[in-house]
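Trainee: please find the sequence and the predicted model below.
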There are 4 protein chains.
Amino acid sequence: MQKVYVLCTGGTIEKVYLESSGSVQNIHGKIDRYLQRLRLPGLRVQTLRLMNKDSLEMTDADRYQILRAVRKKLKKAAPIIVTHGTDTVVETGLFLKRNLPHLQVPIILTGAMTPLGFEQSDGLQNLTESLLAARILQPGVYLVIHNQVFPIDRVRKDRERARFVWKRAGGRSQMQEAG
Amino acid sequence: MQKVYVLCTGGTIEKVYLESSGSVQNIHGKIDRYLQRLRLPGLRVQTLRLMNKDSLEMTDADRYQILRAVRKKLKKAAPIIVTHGTDTVVETGLFLKRNLPHLQVPIILTGAMTPLGFEQSDGLQNLTESLLAARILQPGVYLVIHNQVFPIDRVRKDRERARFVWKRAGGRSQMQEAG
Amino acid sequence: MQKVYVLCTGGTIEKVYLESSGSVQNIHGKIDRYLQRLRLPGLRVQTLRLMNKDSLEMTDADRYQILRAVRKKLKKAAPIIVTHGTDTVVETGLFLKRNLPHLQVPIILTGAMTPLGFEQSDGLQNLTESLLAARILQPGVYLVIHNQVFPIDRVRKDRERARFVWKRAGGRSQMQEAG
Amino acid sequence: MQKVYVLCTGGTIEKVYLESSGSVQNIHGKIDRYLQRLRLPGLRVQTLRLMNKDSLEMTDADRYQILRAVRKKLKKAAPIIVTHGTDTVVETGLFLKRNLPHLQVPIILTGAMTPLGFEQSDGLQNLTESLLAARILQPGVYLVIHNQVFPIDRVRKDRERARFVWKRAGGRSQMQEAG
C-alpha cells in the first residue's frame, strides 16, 4: 500500500461562504471531504491540518511550521502534497526547496483559484492532478495546477489571468534571497 | 401554455466568486442558467433583469423601478416572481403590497442565503418552490423560501440563524410606515 | 413544528447505477440522502421505506401495503408524500383515492424520470415541489411533478415525451374499475 | 502551445441514462462537455469521435479502426488519450502496443466504472489524471485510472471489486497471443 501525505494550510481552495457576512473565508477545512470523492485504491492518504490561512496572511513563522511538518513526514519516505493559497504558494515552495536540499520524494504544492465546491472550481482538478503527480514525479519541489507541472523555481503567478506561467530559469524571488 | 415572469434584481442568489479579488459580488446574472436545470413543461418563463445589486445597496429609486416593472407585467395577468437579496426583501415586498392593493395574481419574492452553484446553496430550492407557489397561491404578496410560504407582512429575517421566521400579525416595519 | 411523512417505494427516482452489471436498479434507497440537501426549518420530515421496486413490478399486494401505511400515518393528521415509479404512479394514486374517501390532509405522489444524482435528474426538483405542495394543497390525492399539480384522476403519463399530461375529467383507468 | 489528442470510442464513461427505456447506453458522446470543466491553459485538446460502443461489443475491425486513427495522429508527435469501455480496454491497449513498436509519445487509455455526471462517477477524475499523465509519462502504452498508472501489459480488470490491479510481468492475454 503506497502512502501520500497531504498537509493543509488553507488558501482559496478551502474557503467557505459565510452566510452571516456574505464573504468567503478560511474557517473550517474541506480537503478531506473532497478527497473522498476520488477513487484511490492502493493509496493511503493521510491529511494533516497545519493552519487554515489566506496565504497573504502567512508569516515567516507559518512557513517554518510548514517546513518542520514536511521534514517530519520526509522520514516516512512518502510523497508530500501541500495545499496552499495561490498568492504566496511560490514563496513557500522556494523556501522549502532552499531548506530541503536532498529530497528523495516529490513535494507538490497546489491550491485553487476558486474554492472547492463553488461552480467552476478548479480545486478538485488540482487535487486529482497532485495525487497523480505524487505517484510519478521525480524528487523535487513542484507546483502542480491546471494540468501543469512546474519546478518551483520556474513558475510565477499571473494575477490578471488568474493562472500560473513559466518563469525564466535563474530568476530569483525576494523570499528566496532573504531566506 | 401558462406564463410566469421572473424579475431579477441581484442579491446573494446571483452572486459570483471573483477570482481577482477573492470576494463574492453581483456582477453578471445567473438565474437563467439555473432555471434551465428545471423541467417546466407547459410553463413559459420570461426572465427580466432589472438590476444586479446587493439588497443592502438598494435605494428608494430601485424599489420604484421594481414597482413599475411589476405594474407593467401585471397587465398580462400572469404570476410574478422577484428574486432579491434577503437583507431587504421584506422591505421591498411590503412596499409592493402597499402600492398594489388589488392584485389578481400572486407576487412571490425569493432569494438565497448562499449563491446558486456554491456548495450547500439554497438557491435552486427556492427558485423551484417559488415556481410551484406561483402556480397555486392565491393573489397576494409572499416570501417563498426554505419550504415556507409567508404573507409578506407576516415575516422577518432572523439574521443569526440565517433564516426567515414568522412575525406577529399587525407588526409594522419602518419602511411600511414611511412609505 | 409541522410534520410530513415521506413513504418511499422505489422507482426511477431511487435507482442506482450498478457497476458490476452496468445497469440501473432499485437496490438501496437514497431519498433521505437528497432530502438533507434541502433547507426545511420548522418542518419535521419522517421517511419510511415501504419497498424499493420498479413500479412495473408492483403487485396488488404492494399497493395494499402502501394503503395500510398511508392509513396508519393519516391518524397523525400530517401530509403524506409517496415516492413512486412513474410507470404506475397514477394507478397507485387512484387506488389510494378510491380507498381513502374522507381525507383531511393532502397525499402527494411523486417520482422522477431520471434517478436522483444523475445528470439532468428531475428528482430533487420533484421532491422540493412535493414538500412545498404538502404545505399548501387542500386535502386530496395529487401527482406533483415538473412544476405541475395534478388531481390524481386528471393525469396520465405521456411515455414518448417523458412527462405527465392532463387527462379529460371522467376518464377512468382499468385499475380504478377493478379496485 | 502543447497539444493532446483524445480519441473517443464509447464505454461506460460516456453512457447516458435513457428515460424511455430506463437503461444506460452509448448514444451521444459527452467527453467534450466534461473536458470543458477543466482548466487547461497552454494545452490544445483535440477530441475525435471514432465510435460510441460498449467495449464488450467491440470487434477486431473496431480495434483496427482505433489503430489507424492512433497511427495517423502519431505523425503529429503529440500524446494520445483513448477513452474506452473498461471491459476490453486492456485488450485494445495490448493490441496497440503490439502494433506500435517505436512510440515517441505516451498513449494513454482510460475509461470509467460509472458514467460521467452520475453520482460517484470516476469519469472526470480519470480524464484529469490522463491529461496530466499525457504531459509527463515516457513513451509507451498505459492504462491510467483511479490514481494509478499501469503499463498496459501489467494490468488486468478485477471485475468483482470494480477496479484494475497489477498483473505479474510476463503474463499474456489471449488477445495478445492471437494478435
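Mentor: Looks like it arrived, so ask away.
Trainee: got a list of what the residue of chain A most remote from its centre touches?
Mentor: For chain A, the residue at maximal distance from the C-alpha centroid (C-alpha atoms, centre = their mean) is residue A:20, at 28.6 Å. Contact analysis of residue A:20 by C-beta atoms under 8 Å, 6 or more residues apart in numbering or on different chains lists B:159, B:160, B:162. In short, each C-beta sits where N, CA and C put it, glycine included.
Trainee: what count of nearby residues applies to the last one?
Mentor: When neighbours are counted by other C-beta atoms under 10 Å in any protein chain shown, residue B:162 registers 17.
Trainee: list the contacts for it?
Mentor: Listed by C-beta under 8 Å, 6+ apart, the contact set of residue B:162 reads A:19, A:20, B:113.
Trainee: how about the secondary structure of the last one?
Mentor: Secondary structure for residue B:113, judged by DSSP: H, G, I helix; E, B strand; the rest coil, is coil.
Trainee: report how many residues lie close to it.
Mentor: Neighbour number of residue B:113 under other C-beta under 10 Å is 23.
Trainee: one more: residue A:151?
Mentor: 16.
Trainee: just confirm it contacts residue A:139, I think it does.
Mentor: No - using C-beta atoms under 8 Å, residue A:151 makes no contact with residue A:139, being 11.4 Å away.
Trainee: the strand ranked longest in chain A close to chain D?
Mentor: Longest strand of chain A, by residue count under DSSP state E: strand A:43-53. Yes - Strand A:43-53 lies within reach of chain D by C-beta under 8 Å from any C-beta of the partner chain, at residue A:43.
Trainee: for stretch A:9-25, what is the average pLDDT?
Mentor: Stretch A:9-25 shows an average pLDDT of 96 in the prediction.
Trainee: scratch that, stretch A:72-86 is what I was asking about
Mentor: 97.
Trainee: distance from the chain centre to that stretch, please.
Mentor: Centroid displacement of stretch A:72-86 relative to its chain, using C-alpha atoms, centre = their mean, to the nearest Å, is 9 Å.
Trainee: what about it and chain B, any contact?
Mentor: No - using C-beta under 8 Å from any C-beta, stretch A:72-86 never reaches chain B; the gap is at least 9.2 Å.
Trainee: residue A:93: how many residues sit nearby?
Mentor: Around residue A:93 there are 26 residues (other C-beta under 10 Å).
Trainee: so what strands line up beside the host helix or strand of residue A:149?
Mentor: Per DSSP states H and E, residue A:149 falls inside strand A:148-151. Strand pairing for strand A:148-151, determined by DSSP bridges: strand A:140-145 (antiparallel).
Trainee: which outside residues touch the strand it pairs with?
Mentor: A:86, A:89-90, A:93-94, A:96-97, A:100, A:103, A:106-112, A:122, A:126, A:129-130, A:133, A:149-152, A:155, A:164, D:132.
Trainee: please flag which of those residues sit within helices.
Mentor: Among these, DSSP state H puts A:89, A:90, A:93, A:94, A:96, A:97, A:126, A:129, A:130, A:133, D:132 in helices.
Trainee: now the fifth one: closest residue in space, sequence neighbours ignored.
Mentor: It stands for residue A:96. residue A:141 (5.5 Å; C-beta to C-beta, 6 or more residues apart in numbering or on different chains).
Trainee: for the one you found, name its beta-bridge partners.
Mentor: So, taking DSSP bridges as the rule, residue A:141 has residue A:107 as bridge partners.
Trainee: and for residue A:163, the neighbour number?
Mentor: Residue A:163 is flanked by 18 other residues according to other C-beta under 10 Å.
Trainee: ok, it touching residue D:41?
Mentor: Yes - the criterion here is C-beta under 8 Å, and residue A:163 meets it with residue D:41 at 5.0 Å.
Trainee: tell me, what's touching these two both at once?
Mentor: Here residue A:163 and residue D:41 share the contacting residues residue A:146, scored by C-beta under 8 Å, 6+ apart.
Trainee: am I right that residue A:53 is in contact with residue A:85?
Mentor: Yes - Residue A:53 is within contact range of residue A:85, at 7.2 Å (criterion: C-beta under 8 Å).
Trainee: quick one, which of those two is more surrounded?
Mentor: Counting neighbours by other C-beta under 10 Å for residue A:53 and for residue A:85 shows that residue A:85 has the greater number, 24 against 18.
Trainee: just to revisit the earlier point, after the longest strand of chain A comes which helix or strand?
Mentor: Later in the chain than strand A:43-53, the nearest helix or strand by DSSP H and E is helix A:60-74.
Trainee: residues from chain A in reach of chain B?
Mentor: Checking chain A against chain B by C-beta under 8 Å from any C-beta, the hits are A:12, A:15, A:17, A:19-20, A:22-24, A:54, A:113-120, A:159-160, A:162.
Trainee: identify the contacts common to residue A:53 and residue A:85.
Mentor: A:9, A:10, A:11.
Trainee: so which of these is the closest to chain D?
Mentor: residue A:11 (16.3 Å; C-beta to the nearest C-beta).
Trainee: picking up where we left off before, need the contacts of residue A:20 in CSV (columns: pLDDT).
Mentor: Shown next, in CSV, are the contacts of residue A:20 (pLDDT from 0 to 100):
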residue, pLDDT
B:159, 84
B:160, 84
B:162, 84
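Trainee: so which of those residues comes closest to chain D?
Mentor: Nearest to chain D among the contacts of residue A:20: residue B:162, at 27.0 Å, using C-beta to the nearest C-beta.
Trainee: what are the phi and psi values at the closest one?
Mentor: Here is the backbone geometry of residue B:162 (degrees, to the nearest 10): phi 50, psi 50.
Trainee: and it, how far is that from residue A:56?
Mentor: 28 Å (C-beta to C-beta, to the nearest Å).
Trainee: isn't residue A:119 up against residue B:114?
Mentor: No - contact criterion C-beta under 8 Å: residue A:119 and residue B:114 do not qualify, at 11.6 Å.
Trainee: tell me which of those two has more neighbours.
Mentor: The neighbour comparison of residue A:119 against residue B:114 (other C-beta under 10 Å) goes to residue B:114, with 23 against 17.
Trainee: correct me, but the more buried one touches residue B:123?
Mentor: Yes - when contacts are counted by C-beta under 8 Å, residue B:114 is listed as touching residue B:123 (7.0 Å).
Trainee: before we move on, the earlier item: so what's the gap between the strand holding residue A:149 and the chain middle?
Mentor: Counting by C-alpha atoms, centre = their mean, strand A:148-151 comes out at 12 Å from the chain centroid.
Trainee: would you put the C-alpha positions of it in PDB?
Mentor: Output of strand A:148-151 as PDB, limited to C-alpha atoms (Å, rounded to 0.1, in the frame of the first residue of the first chain):
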ATOM      1  CA  GLN A 148       0.800  21.900 -15.500                       C
ATOM      2  CA  VAL A 149       3.800  20.700 -13.600                       C
ATOM      3  CA  PHE A 150       6.200  23.500 -12.700                       C
ATOM      4  CA  PRO A 151       9.600  23.000 -10.900                       C
END
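Trainee: what is the mean pLDDT for that strand?
Mentor: Mean predicted lDDT for strand A:148-151 stands at 98.
Trainee: cool, and stretch A:116-130?
Mentor: Mean predicted lDDT for stretch A:116-130 stands at 98.
Trainee: is chain C contacted by that stretch?
Mentor: No - Stretch A:116-130 lies apart from chain C when judged by C-beta under 8 Å from any C-beta; the minimum separation is 12.6 Å.
Trainee: and that stretch, which residues are buried?
Mentor: Neighbour counts over stretch A:116-130 (16 or more other C-beta atoms under 10 Å in any protein chain shown) mark A:116-119, A:121-130 as buried.
Trainee: just the closest of the residues you listed to chain C, please.
Mentor: Of the buried residues of stretch A:116-130, the one sitting nearest to chain C (C-beta to the nearest C-beta) turns out to be residue A:117, at 12.6 Å.
Trainee: now the closest one: closest residue in space that isn't a chain neighbour?
Mentor: Residue A:117 sits nearest to residue B:119 (C-beta to C-beta, 6+ apart), 3.2 Å away.
Trainee: for residue A:25, same thing?
Mentor: residue A:18 (5.6 Å).
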